[in-house]
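Undergrad: The following block contains a protein sequence and its predicted model.
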There are 2 protein chains.
Amino acid sequence: MTITGNTQVFMIVGDPVAQVRAPEIYNHLFQRHNVDAVLVPMKVPPASLAGFVRHTMAAGNVGGMWVTIPHKAAMQNLMDRCDPLAQIAGAVNAVRRGDDGAIEGALFDGLGFVNGLDYFGIPLAGRRVLVVGAGGGGQAVAAALAQRGVGHLAIYNRTAARAAELVARLAPVFGNIVSVAESADPAGYDLIVNCTSQGLKADDPLPVDVLRVDEGASVVDIIMTREPTPLLKACAQRGIAAHAGFEMLVQQIPEYLKFFGMTDLAQTLQNDLTEVRSLLYPK
Amino acid sequence: MTITGNTQVFMIVGDPVAQVRAPEIYNHLFQRHNVDAVLVPMKVPPASLAGFVRHTMAAGNVGGMWVTIPHKAAMQNLMDRCDPLAQIAGAVNAVRRGDDGAIEGALFDGLGFVNGLDYFGIPLAGRRVLVVGAGGGGQAVAAALAQRGVGHLAIYNRTAARAAELVARLAPVFGNIVSVAESADPAGYDLIVNCTSQGLKADDPLPVDVLRVDEGASVVDIIMTREPTPLLKACAQRGIAAHAGFEMLVQQIPEYLKFFGMTDLAQTLQNDLTEVRSLLYPK
């Protein structure tokens, strides 16, 4: 990788940033596919975020930003405009300058998730879906599921008010296919998605009672751990189709590249995501 | 070069930036000498400079900035503190965060220049020096020559007021070794330095009358062109020792690295600048 005065610069903005893997992954792709761009980490304290975004996005060769913890929600408030998924979820993970100079935000978490369902061969049209957890992940996933179109979308959250709040944001856009679930009981659903943090620790209780999952239903756990989560293991024992959340990250990569105008590279990768998967999850 | 979340990020700030060669040179050095740092270009419009510096220098993993045209003078005004050379010349080309969080500036143009004189074997103690041109380059060179200690330093500028202004800034620090030269006549000087832009174009008149240069005197032209400047050619014809300004850039590189805390790399390069010269001026 050779950085020159002509190289377009992208930033991944977080605090901390030591853990981010995006620079390794994207710089590898830029280099391998001859895109003259570089992605660098930027450890931006929350108090500086607004000024940082305004002033770095005014730099002529800054192409945009990847946004990570803890800035996704705060960043959404700084945008001149956002795509509907970002607006509903109240978060952005990508920022660019529009042709008119406006700062535009987008959120690809949910889009990556539903693209992942396509990859797993899980149909959505007419299906009944339960999303467990209405935090950042749950909001992004629920908005994308509603946008893609499902038969019914029920949202459960331990603190019920949070689920109600999310439904109140989704219903005006997507109508009465969305409702609050009174419990996390998975019975009667075709797809159950864990968007809680239950499963991050090995001794966490399961987010849903796997014995109550319908035969033929699918389960996805968006928790990203190297080892299968307790939920995925319990499903496997019962012979229920269950998938890890990793694919959500894989599928976001072409979306980011499209957003930043790298359409050729996005298309190449979308045709074959093997390279991306092996970069994200080296054997 | 692998950029991770732990990589320290440096920026070269200019407008335009397409022409800058620093990213290629320094990233090559970082990679070859295992320094986990990256230097990226930043095209910052003058109106954004103040906000840009304040907000990017607040990012925890930003190590500092290289500063180039047109920001060197404006940047000096944005610093919490500066080294004496930057203060006298009213310009900085390097910016870092001090241990107390203050933003510190330094100017290495002049230091690179006098280090280059050492490399050429041109002595300074007790010598009479004429600097022709009191613009940005002249100011940096004059301040560094005065700081290093010369017998006498005369400054000529076509617009005399500008030379007088520079002398007025130098005299309080370095005393009456500094004066305004009434003409660009090189007779009576041991060292003559061209800091004007005369010689950038092939048909420019010479900045000094080479026939009037003392035998045994040295001439340095800080104009950086691939071909020897008309001044250097005229000196060569008369058998006068004359040197191009390139070495000024070479000698600045270890100074930048020291300033940014990369002392081991700075020392390694200072011991043998061959690698740096071949990077800057590939055959």
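TA: Good, I have the coordinates.
Undergrad: ok, which residues in the stretch 1-150 of chain A are in contact with chain B?
TA: A:1-7, A:9, A:15-21, A:23-24, A:27, A:38-45, A:48, A:51-52, A:54-56, A:58-62 (C-beta under 8 Å from any C-beta of the partner chain). For glycine as for every other residue, the C-beta is placed from the backbone atoms N, C-alpha and C.
Undergrad: Next step: those residues restricted to strands.
TA: Among the residues of the stretch 1-150 of chain A next to chain B, the members found in strands (DSSP state E) are A:Val9, A:Val38, A:Leu39, A:Val40, A:Pro41, A:Met42, A:Lys43, A:Val62.
Undergrad: what residue ranges in chain A score low on pLDDT?
TA: Counting by pLDDT under 70, chain A contains low-confidence residues at A:283.
Undergrad: Pull the number of nearby residues for A:Glu275.
TA: 15 (other C-beta atoms under 10 Å in any protein chain shown).
Undergrad: What does it show for phi and psi?
TA: Backbone torsions of A:Glu275, given as degrees, to the nearest 10, read phi -60, psi -40.
Undergrad: would you list every one of the strands in chain A?
TA: Counting by DSSP E, the strands of chain A are A:8-14, A:37-43, A:62-67, A:81-82, A:94-97, A:103-106, A:128-132, A:152-156, A:178-180, A:191-194, A:218-221, A:241-244.
Undergrad: Quick one: the ones you listed as CSV, columns for mean neighbour count too.
TA: CSV is the format used below for the strands of chain A (neighbours: other C-beta atoms under 10 Å in any protein chain shown):
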stretch, mean neighbour count
strand A:8-14, 24
strand A:37-43, 24
strand A:62-67, 24
strand A:81-82, 18
strand A:94-97, 22
strand A:103-106, 23
strand A:128-132, 25
strand A:152-156, 24
strand A:178-180, 19
strand A:191-194, 28
strand A:218-221, 25
strand A:241-244, 20
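Undergrad: Without its sequence neighbours, what residue ends up closest to the residue sitting nearest the centre point of chain A?
TA: Per C-alpha atoms, centre = their mean, the C-alpha nearest to the average position across chain A is that of A:Asp109, at 1.4 Å. Distances taken as C-beta to C-beta, 6 or more residues apart in numbering or on different chains put A:Ala140 closest to A:Asp109, at 3.8 Å, once the chain neighbours are dropped.
Undergrad: one step back: roughly how far apart are the residue nearest to the centre of chain A and A:Asn115?
TA: 11 Å (C-beta to C-beta, to the nearest Å).
Undergrad: hey, what's in contact with both of those two?
TA: Common neighbours of A:Asp109 and A:Asn115, counting by C-beta atoms under 8 Å, 6 or more residues apart in numbering or on different chains, are A:Gln252.
Undergrad: for A:Thr268, what are its contacts?
TA: Contacts of A:Thr268 (C-beta under 8 Å, 6+ apart): A:His33.
Undergrad: Specify the beta-bridge partners of the closest residue to A:Ile122 other than its chain neighbours.
TA: Of all residues not flanking A:Ile122 in the chain, A:Ser218 sits nearest, at 5.0 Å (C-beta to C-beta, 6+ apart). In this entry, A:Ser218 is beta-bridged to A:Leu191, A:Ala241, by DSSP bridges.
Undergrad: again with A:Ile155
TA: Bridge pairing for A:Ile155 - DSSP bridges - gives A:Val131, A:Val180.
Undergrad: Just to check, A:Asn93 is in contact with A:Thr68?
TA: Yes. Proximity of A:Asn93 to A:Thr68 meets the contact threshold set by C-beta atoms under 8 Å, at 7.1 Å.
Undergrad: When these two are compared, which one has more neighbours?
TA: Higher neighbour count among A:Asn93 and A:Thr68: A:Asn93, with 28 against 20, using other C-beta under 10 Å.
Undergrad: could you measure the more buried one against chain B, distance?
TA: 16 Å (C-beta to the nearest C-beta, to the nearest Å).
Undergrad: and that residue, what does it touch?
TA: By C-beta under 8 Å, 6+ apart, the contact set of A:Asn93 is A:Trp66, A:Val67, A:Thr68, A:Lys72, A:Ala106, A:Leu107, A:Phe108, A:Asp109, A:Gln252.
Undergrad: excluding its backbone neighbours, what's nearest it?
TA: Counting by C-beta to C-beta, 6+ apart, A:Asn93 lies nearest to A:Val67, which is 4.8 Å off, once chain neighbours are set aside.
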